[in-house]
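J.: Below: sequence and its predicted model.
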Amino acid sequence: MPVFNHPEFDHHQQIVFGSDAASGLRAIIAIHDTTRGPALGGLRIYRYASEEAALTDVLRLSRGMSYKSALADLPLGGGKAVIIADPRRDKTPELLRAMGRLVDSLGGAYITAEDSGSSEADMQVIAEVTDHVGGLRREGGESGDPSPFTAWGVFCALKSAVRHGLGRSDLEGVRVAIQGVGHVGEHLARHLHDAGAKLVLTDVNREALAHLAEELGAEAVDPVAIFDADVDLFAPCALGAALDADVVERLRARVVCGAANNQLATPQVAERLRERGILYTPDYVANAGGVIEIAWQRRDDYDRAAVMAHIEGIEATLDEIFARASREQQSPAAVADALARERFGRG
């Protein structure tokens, strides 16, 4: 399996392949950059089609975490971990502890947290064997789940995107299509509903979709139809690479802003969105709320008000990116990438 010549390899500092015969663990940890601090990134448990697909995902996701932490002004680098497994069938305490031991072997260079296929409860199991875990329940019983914070950050980002892309200062009547109403997408849908937006929702979990759509008075559509929805804004909140060459031509929305990581199937998609007059919100800027919360959890001076103020700063960061992109006639993705690289010394 090629690594150094892999198209997603970006001078990653370390890539670790781990296995454990007793638990069935097959995992990859990728540390992209630690210039600003230890690499923080979630643990994704997914039934990848191949080891090559898992490597591609972990390389892309870890790089995105470096960019995310840099633009969120955090003293952290970027990393990610994946386990090749079915989270519903294969996830056991033994598997999670084996993963924890792999994380611990890196001596704090990588800090793990929950992601797709893993949960706060899973992080509690991993924490039995390593201290290098984020997103844990705090003293007093308050959940360490970063999803609500991610959703709030995306909502703040969305306000900036609507202002720059639609010329609107409010969300009343703005039509929004949300692809994926899991932990983050559901919270985002509720924020948008409360702000007066009109929602079109989809998810592969038909039961959860129907329940949320009924509660919020939203329209529910099949996953394949969400790209064609007659809306103002498209919010990808499922897995990555939702925006490919075909989807970009189908979109009727004028703004894209969502919670999913690595929304662009290829870098060229960002330029095509710009050519079509669709304002793209760089995903790692919009969805940084969760990592901001996890970073604050690790501080001795944790303060909820300070956390929320830090997350709400995403809106101002995007105002700067959108304004610069407009002045320079560039995609916001290109502007955000350049700014992030400057911050972790690769500019």
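T.: Structure's in. What do you need?

J.: Below-threshold pLDDT in this structure: ranges please.
T.: The model of the chain has pLDDT under 70 over residues 137-143, 347.

J.: quick check: domain ranges of it?
T.: Under the assignment automatic domain parsing, the domains of the chain span 14-64+76-126, 147-343.

J.: Between the two ends of the longest one, what distance do you get?
T.: Going back to what we said before, that points to domain 147-343. 26 Å (Cα to Cα, to the nearest Å).

J.: I'd like the numbering to begin with 29 instead of 1 from here.
T.: Noted, 29 is the first residue going forward, which turns the last one into domain 175-371.

J.: quick revisit: can you redo the domains of the chain as JSON lines with distance to Val161?
T.: In this view, the C-beta of every residue, glycine as well, is placed from N, C-alpha and C. Output for these, formatted as JSON lines (distance: least, Cβ to Cβ, whole Å):
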{"stretch": "domain 42-92+104-154", "distance to Val161": "5"}
{"stretch": "domain 175-371", "distance to Val161": "10"}
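
J.: distance of the residue nearest to the spatial centre of the chain from Arg196?
T.: By Cα atoms, centre = their mean, the chain has its centre lying nearest to Asn289, at 3.8 Å. Distance of Asn289 to Arg196, given as Cβ to Cβ, to the nearest Å: 27 Å.

J.: who does the longest helix belonging to the chain touch, helix- and strand-wise?
T.: The longest helix of the chain (DSSP state H) is helix 332-356. Counting contacts by 3 or more Cβ pairs under 8 Å, 6 or more residues apart in numbering; DSSP states H and E, helix 332-356 is packed against helix 175-194, helix 311-314, helix 317-325, helix 360-371.

J.: go again using 6 Å as the cut-off
T.: Packing partners of helix 332-356 (3 or more Cβ pairs under 6 Å, 6 or more residues apart in numbering; DSSP states H and E): helix 175-194, helix 317-325, helix 360-371.

J.: Those into JSON lines, with extra columns for distance to Ile73?
T.: Output for the helices and strands packed on helix 332-356, formatted as JSON lines (distance: least, Cβ to Cβ, whole Å):
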{"stretch": "helix 175-194", "distance to Ile73": "16"}
{"stretch": "helix 317-325", "distance to Ile73": "17"}
{"stretch": "helix 360-371", "distance to Ile73": "27"}
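
J.: Kind regards, and thank you for your time.
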